[in-house]
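Trainee: Quick one, structure for this:
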Amino acid sequence: MNLPAGGDRARYDRATAHLDAPLAIVDLAAFDSNADDLVRRAGGKPIRVASKSVRCRALLERVLARPGFAGIMSYTLAESIWLARSGFEDVLLAYPSADRAGFAELAGDPKLAAAVTVMVDDPAQLELIDTSRDGAGPHEIRVCLELDTALHLFGGRVRVGARRSPLRDPAALADLARTVCARPGFRVVGIMGYEGHVAGVGDALAGRPLRSRAIRLMQATARKELAARRAEAVRAVRAVVPDLEFVNGGGTGSVQQTAAEDAVTEVAAGSGLYVPRLFDNYTSFRGRPAALFAQPVVRRPGVGVVTVLGGGYPASGAAGADRLPEPYLPQGLRYDPQEGAGEVQTPLLGSPADDLLIGDRVWFRHAKAGELCERFEALHLIEGDRVTATVPTYRGEGRTFL
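Mentor: From the prediction side, this is the model:
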């Protein structure tokens, strides 16, 4: 687990004393340190930044200005177009889209078409794109093919991994590459495979040694199987598309393992910049929590209890306690199991509550990274014990893509 550095709470309180909570911050020293660690783990291969885990243009610009980072991995077509029009020149849309108006705009603008690569794993998606761009322009659409990375056990009866692309076999990926190449107006430029069951699952769960050991065994098996299958898939597609531009893989939790594969030319990461609570349980790396939010104490219902305003910001994924924000500073606070994180108020229990006064702050970590930015219009950037800039999130710029 990532333990708070000494003095962080006092430093954050001093830096934001002139601001009213609720508020959100990013500690730039921690952000930059995390970026350096990702580059070290990538071993010389470029890191494509997952925008869904950042959701702030100023911070995307900051990290992309650092050596070792190149390009954005976006999450909707509308976002991709907005980022490209904002000056980002290499945007890979990591998910298929059904945004017909977006495809018409993309095909009608040569600069956009050159900057944005779309994801395809089914010929029906090509048909939707063609129908959408009818008459909008002749510009070639850059296409990335997605490989299913899930681990299949016991003859396929057990699946471990996200249900993403239907393209599991290298031959199926090559067949789709041929289909794209045979269709005017499209060009295959890349392959992507996101091994979420490795990159996004912690292998050192507190108090659960047997489950942690089982996860490590699963991940070792998955990495070995996927490395062989991904290499075969890349060979099969390169036989169809010799000038393939990139092969993307990985995520924050698997950067070093994925980067070690010869077939992979770049890795993806984003959450590792903010280090939310779901990334505490890894044996392979330790990051510094960089993104936090503060809620003000508004009630003191009794001994060992305070109530803060709001805070009910659960993360996406299968519902569970691990999807709730973590009361982080001061240490030792916990949720009331009868109420949890509330829509408008959140009671917190523990002896540190007795030292908190009305108006004091409790600092939280979100379970995931970029989803925090859907709750706040701005991020206050902290250097030392000062706010040196305040920058808008996507929400603060009026952009709510999902």
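Trainee: Ranking helices and strands of the protein by mean pLDDT, which lands last?
Mentor: helix 196-199 (a mean of 70; mean pLDDT, DSSP states H and E).
Trainee: In terms of secondary structure, what does that helix contact?
Mentor: If contacts are counted by 3 or more CB pairs under 8 Å, 6 or more residues apart in numbering; DSSP states H and E, helix 196-199 sits against helix 209-240, helix 255-259. C-beta here means a position set from N, CA and C on the backbone, and glycine is covered the same way.
Trainee: what do you get if the cut-off is 7 Å, keeping everything else the same?
Mentor: Contacts defined by 3 or more CB pairs under 7 Å, 6 or more residues apart in numbering; DSSP states H and E place helix 196-199 against helix 209-240.
Trainee: Pull the distance from the helix or strand following the helix it packs on to the chain's centre.
Mentor: Once helix 209-240 ends, the next helix or strand along the chain (criterion: DSSP states H and E) is strand 246-249. Relative to the centre of its chain, strand 246-249 is centred 16 Å away, using CA atoms, centre = their mean, to the nearest Å.
Trainee: Direction included, what does strand 246-249 pair up with?
Mentor: strand 186-193 (parallel), strand 266-269 (parallel) (DSSP bridges).
Trainee: Nearest spatial neighbour of the residue sitting nearest the centre point of the chain, chain-adjacent residues omitted?
Mentor: Nearest to the geometric centre of the chain sits Ser53, at 3.4 Å (CA atoms, centre = their mean). Using CB to CB, 6 or more residues apart in numbering and skipping residues adjacent in sequence, the residue nearest Ser53 is Gly270, 2.9 Å away.
Trainee: list the contacts for that neighbour?
Mentor: Val49, Ala50, Ser51, Lys52, Ser53, Val54, Thr252, Ala369 (CB atoms under 7 Å, 6 or more residues apart in numbering).
Trainee: any idea which element the first one lies in?
Mentor: Right, Val49. Element membership for Val49, per DSSP H and E: strand 47-50.
Trainee: Show me what the helix or strand following that strand is packed against.
Mentor: For strand 47-50, the following helix or strand on the C-terminal side (DSSP H and E) is helix 57-64. If you count contacts as 3+ CB pairs under 7 Å, 6+ apart, helix 57-64 packs onto strand 47-50.
Trainee: Give me the distance from the strand it packs on to the chain's centre.
Mentor: From the chain centre to the centre of strand 47-50 is a distance of 9 Å (CA atoms, centre = their mean).
Trainee: export that strand as PDB, just CAs?
Mentor: Taking C-alpha atoms only, strand 47-50 is exported to PDB below (Å, rounded to 0.1, in the frame of the first residue of the first chain):
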ATOM      1  CA  ILE A  47       4.400   5.400 -23.800                       C
ATOM      2  CA  ARG A  48       1.000   6.300 -25.300                       C
ATOM      3  CA  VAL A  49      -1.000   8.200 -22.700                       C
ATOM      4  CA  ALA A  50      -4.500   6.900 -21.900                       C
END
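Trainee: hmm, back to that, what are the phi and psi values at the residue nearest to Ser53?
Mentor: Torsion angles at Gly270 (phi, psi; degrees, to the nearest 10) stand at phi -160, psi -50.
Trainee: Perfect, I'm done here.
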